[in-house]
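K.L.:
Pasting the sequence and the predicted coordinates here, then a few questions.
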Amino acid sequence: MQYTGLYADKAGESHFEDITPRFKPAFFAPPAPPLDISEFGRAESCSIIRANEGWYGDWHPAPFRQLHFYLSGMVEAETSDGETRRFGSGDIILVEDTAGQGHRSQVIGSGDVLIAIVKLAGTKQ
């Protein structure tokens, strides 16, 4: 399993990276058998956003560190280094480009996009 990271380097340029979480067996819900589980991170709040068909967001940094869980629809995002990726149902993105030029994104295809967002603890705003 992999998910995508979107971050800004020290110069403020945004980039994508592929992240592979580390799993280890743990008793998550005893008496059920152990599950493979990654390390827990601290979360502050969560929300669901909807971007309507045709939505376009020109260059912008993320307002805070967040995890995106794509529920429906398709988004295309571009980093300031020129890389473009598409994300849809089942994709996960760790968005951390809170400084610099940021990224741009748009809804592609027909239909709205639904994304569950988890605001990570210790972030601004």
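P.N.:
Nice, I can see it. None of the values given here were measured: they were computed from a predicted structure.
K.L.:
Tell me the secondary structure of the residue of the chain most remote from its centre, please.
P.N.:
Computed with C-alpha atoms, centre = their mean, the maximum C-alpha offset from the centroid of the chain is found at P31, amounting to 32.6 Å. Under the three-state scheme (DSSP: H, G, I helix; E, B strand; the rest coil), P31 adopts coil.
K.L.:
looking at it, F64 is touching T98, isn't it?
P.N.:
Yes. With contact defined as C-beta atoms under 8 Å, F64 reaches T98; the gap is 6.5 Å. Backbone N, C-alpha and C define where each C-beta goes, glycine included.
K.L.:
How much space separates Q106 from W59?
P.N.:
Taking C-beta to C-beta, to the nearest Å as the measure, Q106 falls 12 Å from W59.
K.L.:
neighbour count winner among the two?
P.N.:
Remark: of Q106 and W59, Q106 carries more neighbours, 16 against 13, as counted by other C-beta atoms under 10 Å.
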